[in-house]
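Q: make a model of this:
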Amino acid sequence: MTNETNKALDVITDKIISTVNSKISRLGYDQTFPSVIYGISKNGEYTIIKAGQKYDVKCAMPITDLKIGTNVWVRIPCGRLHDMHICGLR
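A: Predicted structure coming up:
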């Protein structure tokens, strides 16, 4: 292959990678991360911290007696923060 052909292939490859990365960044997907219960509100929600921000979230497990300091897994379904919930114990 010539040098010009290699350059053309590099340009095409870079454009394909850029397009795919752009599409992937806009996809909604579940995110699960570790956290700790820092508080319990009167309405039965649990306070957790994600990236330095406090959130009150519900527990999706049948367990109802989680305590402050419990290590948990928290899920954000399809990137929707308002649906964030505790999905498991660590």
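
Q: gap between whichever strand or helix holds residue 6 and the chain center?
A: Element membership for residue 6 (DSSP states H and E) is helix 3-25. From the chain centre to the centre of helix 3-25 is a distance of 28 Å (C-alpha atoms, centre = their mean, to the nearest Å).

Q: packing partners for it?
A: When contacts are defined as 3 or more C-beta pairs under 8 Å, 6 or more residues apart in numbering; DSSP states H and E, helix 3-25 packs onto no helix or strand at all. Every C-beta, even on glycine, is put in place using the N, C-alpha and C of the backbone.

Q: could I get that helix in CSV with only the CA atoms?
A: Provided in CSV are the C-alpha atoms of helix 3-25 (Å, rounded to 0.1, in the frame of the first residue of the first chain):
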residue,chain,number,x,y,z
ASN,A,3,1.5,6.2,1.9
GLU,A,4,-1.5,8.0,0.6
THR,A,5,-3.6,4.9,0.9
ASN,A,6,-2.5,4.4,4.5
LYS,A,7,-3.4,8.1,5.3
ALA,A,8,-6.8,7.7,3.7
LEU,A,9,-7.5,4.5,5.7
ASP,A,10,-6.4,6.3,8.9
VAL,A,11,-8.8,9.2,8.2
ILE,A,12,-11.7,6.7,7.5
THR,A,13,-10.9,4.7,10.6
ASP,A,14,-10.7,7.8,12.8
LYS,A,15,-14.1,9.0,11.5
ILE,A,16,-15.7,5.6,12.2
ILE,A,17,-14.3,5.5,15.7
SER,A,18,-15.4,9.1,16.4
THR,A,19,-19.0,8.4,15.1
VAL,A,20,-19.3,5.2,17.2
ASN,A,21,-18.0,6.9,20.4
SER,A,22,-20.5,9.8,19.8
LYS,A,23,-23.4,7.3,19.5
ILE,A,24,-22.3,5.3,22.6
SER,A,25,-22.1,8.4,24.8
